[in-house]
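In: with the sequence up front, the predicted model follows.
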Amino acid sequence: MVHEQDIAQLFARIDASRDDLVALTRDLIRFPTINPPGADYRAICDFLGARMSAHGATVEFVRAKGVPDDSDEFPRWNVIGRFSAPEPGPCVHFNSHIDVVETGLGWTVPPFEGVVKDGRVYGRGACDMKGGLAASLIAIEALIGCGLLTRGSLECSGTADEESGGFGGVGHLARNGWFDRGRVDHVIIPEPLNPDRICLGHRGVWWAEIEITGAIGHGAMPFLGVNAIAGMGDLLKLIEEELMPRLGNRVTAMPCMPEGARRATLNFNSVHGGQPEPGDGRPSPVVADRCRLVIDRRYLVEEEFTEVKAEIIDLLERVKSARAGLDYSLREIMTFEPTMTAPDAPLVKTLDHWIERLFDRPATLIASPGTYDQKHITRHGSVRACVAYGPGILDLAHQPDEWVGIEDMLMSAKVMAAAALTLLRADAEGA
Ligand SMILES: [Zn+2]
């Protein structure tokens, strides 16, 4: 049972930690953890580890040795702090990625100083997602400071490589048991999705490379060769005229935002055909004997992956049979299944309750058009209750002059703290 006086004390403590929250966010921004290449991971992990130890956590550092991006120059470090109450109980885990994307052009403030103005903290990663990491840590520290962590445990992790697929971060941890049921019960990822929205999951993704092959010949006698680019033209036409309309008719029950992402989609990522051109741009006169296409297919929780693949192969067979001498091959680059936490899961209900209480309106439940680290947690880990919830405005992520609102961080820290307390106590009553 959560008492009103506990909540009042908790919220007052979070309000009083405003300066500390801003300072922590600035400190995190000052680590230029740009990925690629994956810089400064150990330094930010040491910083987080020291802070969590000082508040009583057991801290572990995990390097994702053996993943393709890990090297001695750019080691893939992760940090996990566990705060345990004397009495055993459920575990609520807050996971944030520590990496940020390249700064790019167009900045009017220095990107790694954490400039504070007009109630905002500016910098690369302010919104995505060092502001969320800071807010979740302040939420945990407030619970401990108020003496409210009496049962179960809270965890906070800072993980590598989310921006490049998460294989050296949450992917590695999930494969090694860190997100197994029994260890962790509820996971909140404080990605910037606006502080009154809860993100339940994301669509599936299938990246594949298709190569169409023909037969080389003299460019002056194209009838003696088999042109792979022409075959690719057939394929692109079939996809655009037949497959895409079918995909557009498939609408998911997932609350994806923006709404266009509620339909199955396919993107032509790249096409490369024929012989490479030399520096002077005068290629040799040959019939193109190969053409490659990379597709990015986003599929819905209602679609079967075997079908997603089969309908591409079906089109390729038609292209092949229409022109003698053509063939094709298909290489799968990456597949992640769609994932969605049930809207009536206690984690979602509890966050919704506290959002409504603090914002005077019910939370908006959404799903993401693209993937984030939730895929690893539900694919390799056995935790089923995982959502993204955090401060920051989604549209600002990866932009120049990225910022996070200080008020937003305080509000979401309150939601996270109150929700964690409710989840730890609710289980105690057998709910
Ligand atoms: Zn992010």
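Out: Nice, I can see it. Numbers count the residues shown, from 1 in each chain.
In: what is the rounded mean pLDDT of stretch 133-143?
Out: Averaged across stretch 133-143, pLDDT comes to 98.
In: which other residues reach that stretch?
Out: 10, 13-14, 17, 20-21, 24-25, 28, 48, 51-52, 55, 83, 94, 96, 98, 149, 154, 156, 158, 188, 190, 390-391, 409-410, 412-414, 416-417, 420-421 (Cβ atoms under 8 Å, 6 or more residues apart in numbering). From N, CA and C alone the C-beta is placed, and that goes for glycine too.
In: now do the buried residues in the lowest-mean-pLDDT helix or strand in the chain.
Out: Of all helical and strand segments in the chain, the minimum by mean pLDDT, DSSP states H and E falls on helix 374-379, at a mean of 91. By 16 or more other Cβ atoms under 10 Å, the buried positions in helix 374-379 come out as Gln374, Lys375, His376, Ile377, Thr378.
In: tell me, how many residues neighbour the residue in the chain that the ion sits nearest to?
Out: Relative to the ion, the nearest point of the chain is Asp128 (4.1 Å; Cβ to the ion). The number of residues packed near Asp128 is 27, by other Cβ atoms under 10 Å.
In: isn't it right up against Pro192?
Out: Yes. Contact criterion Cβ atoms under 8 Å: Asp128 and Pro192 qualify, at 5.2 Å.
In: between the two, what contacts are shared?
Out: Common neighbours of Asp128 and Pro192, counting by Cβ under 8 Å, 6+ apart, are Gly392, Leu396, Ala397.
In: let me know the closest of these to Gly166.
Out: Ala397 (15.6 Å; Cβ to Cβ).
In: pLDDT weak spots in the stretch 101-250 of the chain?
Out: The model of the stretch 101-250 of the chain has no residue with pLDDT under 70.
In: at which residues are the helices of it located?
Out: 131-145, 170-175, 228-238, 244-248 (DSSP state H, counting those that start in this stretch).
In: could those helices go into a markdown table alongside mean neighbour count and distance to Gly38?
Out: Shown next, in a markdown table, are the helices of the stretch 101-250 of the chain (neighbours: other Cβ atoms under 10 Å; distance: least, Cβ to Cβ, whole Å):
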| stretch | mean neighbour count | distance to Gly38 |
| --- | --- | --- |
| helix 131-145 | 27 | 17 |
| helix 170-175 | 24 | 13 |
| helix 228-238 | 19 | 35 |
| helix 244-248 | 13 | 35 |
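In: now render these as TSV, adding distance to the ion.
Out: Shown next, in TSV, are the helices of the stretch 101-250 of the chain (distance: least, Cβ to the ion, whole Å):
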stretch	distance to the ion
helix 131-145	8
helix 170-175	11
helix 228-238	33
helix 244-248	27
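In: nearest to Arg282, of the ones you listed?
Out: Using Cβ to Cβ, the helices of the stretch 101-250 of the chain put helix 228-238 closest to Arg282, at 18.2 Å.
In: give the buried residues for the helix ranked longest in the chain.
Out: Scanning the chain for the helix with the most residues, using DSSP state H, yields helix 406-428. Using 16+ other Cβ under 10 Å as the test for burial, helix 406-428 gives 406, 408-427.
In: what residues are up against Leu247?
Out: Neighbour list for Leu247: Arg263, Ala264, Thr265, Leu266 [criterion: Cβ under 8 Å, 6+ apart].
In: which of these sits closest to Pro68?
Out: Nearest to Pro68 out of these is Leu266 (Cβ to Cβ; 26.7 Å).
In: what's the burial count for that closest one?
Out: Leu266 has 19 nearby residues by other Cβ under 10 Å.
In: does it sit in a helix, a strand or a coil?
Out: Three-state call for Leu266 (DSSP: H, G, I helix; E, B strand; the rest coil): strand.
In: picking up where we left off before, show me which of the contacts of stretch 133-143 are buried.
Out: Buried members of those, counted by 16+ other Cβ under 10 Å: 10, 13-14, 17, 21, 24-25, 28, 48, 51-52, 83, 94, 96, 98, 149, 154, 156, 158, 188, 190, 390-391, 409-410, 412-414, 416-417, 420-421.
In: do the least confident helix or strand of the chain and the ion meet?
Out: No. Taking Cβ under 5 Å from the ion as the criterion, helix 374-379 and the ion are apart, separated by no less than 11.3 Å.
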